[in-house]
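# any chance you can model this:
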Amino acid sequence: MRIPLQLFASSGDQVGRSARAQVTCRYKCGEACWHEPGNSSDNPYFRDVLRSSASRRAVLRSSAGAAVALGATSVLAACGSDTGSSAASSSVATSGGSARPGMNFAAVAPNTEDALVIPQGYRQDVVIRWGDPVLPGAPEFDFAKQTPEAQAMQFGFNNDFAGLIPVDGVSGHHYLLCNQEYTTEEFMFAGYKPKEPTEQQARISMAAHGITVLEVSATPGSGALTPVVGQRNRRITASTPMRLTGPAAGSAFVTTSADPAGTTVLGTIANCSGGLTPWGTMLSGEENFNNYFSNASTVTDPATKENLERYSFEDDGDYHQWGRFDKRFDLAQEPNEANRFGYVVEVDPHDPSSTPIKHSALGRLKHESATIHVVGSGPDAGTVVAYSGDDERFEYIYKFVSSRTMKTGLSATARTHNTGILDEGTLYVASFTGNEPQAIDGSGKLPPSGSFAGTGTWHPLLTVNADGSARSHVDGMDPAQVAVFTRAAADKVGATKMDRPEDIEPHPRTGKVYCALTNNSKRGTEGEAAADTANPRNENKNGQIIEITDNHTGTDFTWDLLLVCGDPAEADTYFGGFDKTAVSPISCPDNVAFDPHGNLWISTDGNALDSNDGLFAVALDGDRRGETKQFLTVPVGAETCGPIIGRDRVIVCVQHPGELDDHSADNPASHWPDGGTSQPRPAVVAVWRDGGAPIGV
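Residues are numbered from 1 along each chain as shown. Okay, here's the model as predicted:
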């Protein structure tokens, strides 16, 4: 029996690309998908695995344990109404048997509503939205009367990652940690002139970036969370002092006129996804930092110019224009400032006065996230491993294996020790080999074995010792160069070019690692890397999910593709071997998370199937492996971010609602979440079942 879901084909002008609006691309990533990829290397790996008889054109994607431990009080972001919209819901037919625990809900059908649509029998409520007060004394939000001072005390713009950490000693209270990834000034200010901000507008935007630490309290009898505006809260912005650690710190590549020591960086920007550590901190990935800097073309030093190009710095990608008012962001004046962003930032929510740390031992790249696995048994028990994806077309997957184990507790001694875990160990980058490379022709057709699978190798790049000394494993590069120009180091060792590696997380029970590969419109096109077993489609517009069975402390792994996303009616999609007539269509996977039952949940960004983005649950084992069900959709123009999947709540961050081309604050396309004629506002929402029953059971 088939699921009665409408399946969509992408519109003609989006063939080969996701459906993300170009205005979003401008402000979020500097129109990366409309420019040539930054990775122009010709890694030896590809020459080895491509069939020599075919041309490129012819052969045209623990903290998790801590998240589960938080499940009883975790949240999913939904919108303003307290009841689910049923207009786009449908019952889900299955291929036999009862639904898996955690997935027993009526699938939401694809739709284009300006609402957060949830299953029948569920409720939703906004936790916090852009401009709501965070710090004591913060004014209520007034769209027409914004100031930098007010914004620095209010919830920032375009929330992405969300995490919950219990407040020590206060029952029912948590720290809600959110990344504020980027600003879209055309939707923040009436009458805004693109690339011509006033100083006031630019400084409001700087204050709207970064990270929010917000105390929230659970509401008895429901899944709602209520903000507590108090002394535990914090706003970290583009101007907050950070401590740079690891081999980059103090090197000639990061010194500036304001920081000749090269150890104190002001601010964090482009904070995309992230993770929670088992020692009670947040890890935030600095992603599309390149499009905040002006005048890349004025840099004439050949080495500096080459390094900027490898990270996709281009003059026309800077839509924020902060360099007009702060010389830090003008490469003509401070060419090294660019090297001070692109790191994993660690924040201790338990101490609002603590200095956030940028860990250069994890490398500098467009970190989508950093997530933690702790080896549970054997001779390496207690070893901490951090995984990260570099979110750009043809970039790589990394891991960091720490040589320092964790101390338990929240004492000052434990916190000091644990914040050094990610400064001591070895950084690796991955290469993937397919079992049947000769069967890959770029069409997405399954190999004869019936699965996309293979083996892989982790190549060491950099080792940092307990005393802070470091050793490079890359010929011709010293440790500081590897830490700052990590992409170039990965090029040299032959890492595999992937289809936009985004969020990557280890499973809290099995230890298997899941990475969302969002899409890649350039795969298999003239002059670019051809399809391979891990990235099996040319001009890939829908993305895939790769499952890695890792020797966490070693250099070998096996892998297979769990999902090859898209319209299940199309031949180039794959759902883990599950009946494709009984799944929800899914496109452009972005963030991944796990529920208390062990199911994988996926949020999407740029759905290429003519529907709003959404959140999906996927079964990982047994005869239902690959079963995919849509739990919710976000409003028109929005992206689904952040998800926390708990027993009693799900949390999502609704990013850039109403962000459509030919619209702006002067012509809004959405009025979510407040309705009426209000301006759209990014927000965090909680979703729960009527009566407080467990999610999906």
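# isn't there a helix covering Gln231?
No. Using DSSP: H, G, I helix; E, B strand; the rest coil, the assignment for Gln231 is coil, not a helix.
# wait, isn't it in contact with Pro136?
Yes. Applying Cβ atoms under 8 Å as the test, Gln231 and Pro136 come out as touching, 7.0 Å apart. Just so you know, the C-beta spots here come from the backbone N, C-alpha and C atoms, and that holds for glycine as well.
# for Ala332, what are its contacts?
Ser294, Asn295, Thr298, Val299 (Cβ atoms under 8 Å, 6 or more residues apart in numbering).
# equivalent analysis for Gly210, please.
Gly210 neighbours (Cβ under 8 Å, 6+ apart): Gly156, Asn179, Gln180, Arg235, Ile236, Thr237, Ala238, Thr240, Gly267, Thr268, Ile269, Asn271.
# list the buried ones in stretch 470-487?
Neighbour counts over stretch 470-487 (16 or more other Cβ atoms under 10 Å) mark 470, 472-474, 477, 479-487 as buried.
# where does this protein dip in pLDDT?
For the chain, residues meeting the criterion pLDDT under 70 lie at 1-18, 33-34, 43-97.
# show me where it has helices.
Shown for the chain, the helices assigned by DSSP state H span residues 22-29, 44-49, 63-69, 148-151, 185-188, 199-208, 302-310, 412-418, 479-484, 486-493.
# what are the bridge partners for Pro227, then?
Using DSSP bridges, the bridge partners assigned to Pro227 are Val216.
# for the contacts of Ala332, give me TSV that also has distance to Val384 and neighbour count.
Shown next, in TSV, are the contacts of Ala332 (distance: Cβ to Cβ, whole Å; neighbours: other Cβ atoms under 10 Å):
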residue	distance to Val384	neighbour count
Ser294	38	22
Asn295	40	16
Thr298	42	13
Val299	38	19
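# which among these gets closest to Tyr27?
Ser294 (14.6 Å; Cβ to Cβ).
# surely that closest one meets Tyr319?
No. Contact between Ser294 and Tyr319 fails when scored by Cβ under 8 Å: they sit 10.3 Å apart.
# I'd like the helices of the chain as a markdown table, with distance to Pro682 appended.
Output for those, formatted as a markdown table (distance: least, Cβ to Cβ, whole Å):
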| stretch | distance to Pro682 |
| --- | --- |
| helix 22-29 | 12 |
| helix 44-49 | 39 |
| helix 63-69 | 22 |
| helix 148-151 | 13 |
| helix 185-188 | 9 |
| helix 199-208 | 10 |
| helix 302-310 | 30 |
| helix 412-418 | 31 |
| helix 479-484 | 32 |
| helix 486-493 | 30 |
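# for Leu244, find the nearest of those helices.
helix 479-484 (10.0 Å).
# what's in contact with that closest one?
Under the criterion Cβ under 8 Å, 6+ apart, residues 246-248, 251-254, 339, 360-361, 363-364, 427, 461-462, 464, 470-474, 488-489 lie in contact with helix 479-484.
# report the buried members of those residues.
Listed as buried from these are 246-248, 251, 253-254, 339, 360-361, 363-364, 427, 461-462, 464, 470, 472-474, 488-489; burial here means 16+ other Cβ under 10 Å.
# center of this structure, which residue is that?
Nearest to the geometric centre of the chain sits Ser273, at 3.4 Å (Cα atoms, centre = their mean).
# excluding chain neighbours, what is closest to that residue?
Ser369 (3.6 Å; Cβ to Cβ, 6 or more residues apart in numbering).
# quick one: the one you found and Ala638, what's the gap?
20 Å (Cβ to Cβ, to the nearest Å).
# can you tell me how far the residue lying closest to Ser611 once chain neighbours are set aside sits from Asp503?
If the residues on either side of it in the chain are set aside, Ser611 comes closest to Pro110, at 3.4 Å by Cβ to Cβ, 6+ apart. To Asp503, Pro110 is 22 Å away according to Cβ to Cβ.
# with neighbour numbers in mind, choose between those two.
Asp503 (30 against 25; other Cβ atoms under 10 Å).
# so the more buried one touches Leu517, yeah?
No. Distance between Asp503 and Leu517: 10.2 Å, which falls outside the contact criterion (Cβ under 8 Å).
# could you tell me the end-to-end distance of stretch 623-634?
End-to-end span of stretch 623-634 (Cα to Cα, to the nearest Å): 30 Å.
# same question, stretch 165-175
5 Å.
# just stretch 250-265 next, same as before
Terminal residues of stretch 250-265 lie 11 Å apart, using Cα to Cα.
# need the residues that contact it.
241-244, 248-249, 266, 328, 334, 336-337, 339-341, 358, 480-481, 483-485.
# which parts of the stretch 501-650 of the chain are strands?
Using DSSP state E, counting those that start in this stretch, the strands of the stretch 501-650 of the chain run over 501-506, 513-517, 544-550, 556-564, 574-575, 589-594, 600-604, 614-618, 628-633, 639-645, 650-655.
# would TSV of the ones you listed with distance to Ala414 be doable?
Output for the strands of the stretch 501-650 of the chain, formatted as TSV (distance: least, Cβ to Cβ, whole Å):
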stretch	distance to Ala414
strand 501-506	23
strand 513-517	27
strand 544-550	27
strand 556-564	31
strand 574-575	43
strand 589-594	26
strand 600-604	31
strand 614-618	35
strand 628-633	37
strand 639-645	25
strand 650-655	27
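# winner for burial among these?
strand 650-655 (a mean of 31; mean count of other Cβ atoms under 10 Å).
# against Glu181, how distant is Ala534?
Taken as Cβ to Cβ, the span from Ala534 to Glu181 is 27 Å.
# more neighbours: those two, which one.
Taking other Cβ under 10 Å, Ala534 and Glu181 do not tie; Glu181 has more neighbours (31 against 28).
# check contacts around the residue nearest to Ser273.
Taking Cβ under 8 Å, 6+ apart, one finds 161, 272-275, 283, 285, 388-389, 502-505 in contact with Ser369.
# out of those, who's nearest Glu186?
For the contacts of Ser369, the nearest to Glu186 is Cys272 (20.5 Å; Cβ to Cβ).
# tell me the contacts of the nearest residue to the closest one once chain neighbours are set aside?
For Cys272, ignoring the flanking residues on the chain, the nearest one in space by Cβ to Cβ, 6+ apart is Glu287 at 3.8 Å. By Cβ under 8 Å, 6+ apart, the contact set of Glu287 is Cys29, Glu181, Ala270, Asn271, Cys272, Ser273, Lys366, His367, Glu368, Asp391.
# any chance of the residues you listed in JSON lines, with distance to Asp348 too?
Shown next, in JSON lines, are those (distance: Cβ to Cβ, whole Å):
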{"residue": "Cys29", "distance to Asp348": "29"}
{"residue": "Glu181", "distance to Asp348": "21"}
{"residue": "Ala270", "distance to Asp348": "21"}
{"residue": "Asn271", "distance to Asp348": "16"}
{"residue": "Cys272", "distance to Asp348": "20"}
{"residue": "Ser273", "distance to Asp348": "19"}
{"residue": "Lys366", "distance to Asp348": "24"}
{"residue": "His367", "distance to Asp348": "19"}
{"residue": "Glu368", "distance to Asp348": "22"}
{"residue": "Asp391", "distance to Asp348": "25"}
